[in-house]
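> Return a 3D structure for these sequence lines:
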Amino acid sequence: MNKHAIQLTINGTQTKAEVEARLLLSDFLRHDLGLTGTHVGCEHGVCGACTILFDGDPVRSCLMFAVQADGHAIQTVEALGTPENLHPIQAAFHEAHGLQCGFCTPGFLMTLVPFLEQNPNPTEEEIRAAISGNLCRCTGYQHIVDAVKIAATNYTNDTN
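From the prediction side, this is the model:
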């Protein structure tokens, strides 16, 4: 198979690689770059576990080829925070028990970061609409909604 040269920014770092045309972006991130926080669930774009930020917008990495990312900026969950210095949305998920098994959590987080940046004071209905494209089999969603409310308060307090 022919390989294609790509150059992209991943979590703020310029990255060059040669990839096969059929390599999924999710597989490139996980297998080639070792960014295993991007989870692959359904491989059909339904569950949201593979959500990343693509030029700042949440997208399903299992529905894109790595060659399509050429020239673009990608942010994965690894860029959000560290165990010592959690991102506000990560801290809120911890505080509100917004995760159980954690498989879906990276996709929720990457969906919610731009949502909260664009909507710092969301209603519960807006939160539920924002997360409606992400599936969780463990939590029943209420704790996730509670976490987003906490994170929204933290975002609001951080900007004042």
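> Provide a list of residues in contact with the residue nearest the centre of the chain.
In the chain, the centroid-proximal residue (CA atoms, centre = their mean) is Met110; its distance is 2.5 Å. Contacts for Met110 (CB atoms under 8 Å, 6 or more residues apart in numbering) come out as 51-53, 58, 75-77. Any C-beta I mention is one placed from the backbone N, CA and C, and that applies to glycine too.
> so what's it closest to, chain neighbours aside?
Excluding the flanking residues, the one nearest Met110 by CB to CB, 6 or more residues apart in numbering is Thr51, at 4.5 Å.
> how about the biggest helix by length in the chain: buried residues?
When the chain is parsed with DSSP state H, its longest helix is helix 142-159. The neighbour-count check on helix 142-159 (16 or more other CB atoms under 10 Å) flags 143-152, 154-155 as buried.
> and that helix, what does it pack onto?
helix 88-95, helix 105-118, helix 124-130 (3 or more CB pairs under 8 Å, 6 or more residues apart in numbering; DSSP states H and E).
> starting at the chain centroid, how far to it?
Chain-centre distance of helix 142-159: 17 Å, with CA atoms, centre = their mean, to the nearest Å.
> Contacts for it, please.
For helix 142-159, contacts defined as CB under 8 Å, 6+ apart pick out 88-89, 91-93, 95-99, 108, 112, 116-117, 120-122, 124, 127-128, 130-131, 136.
> re earlier: do you know which of the helices and strands packed on helix 142-159 lies nearest Asn11?
Nearest to Asn11 among the helices and strands packed on helix 142-159 is helix 105-118; the distance by CB to CB comes to 11.7 Å.
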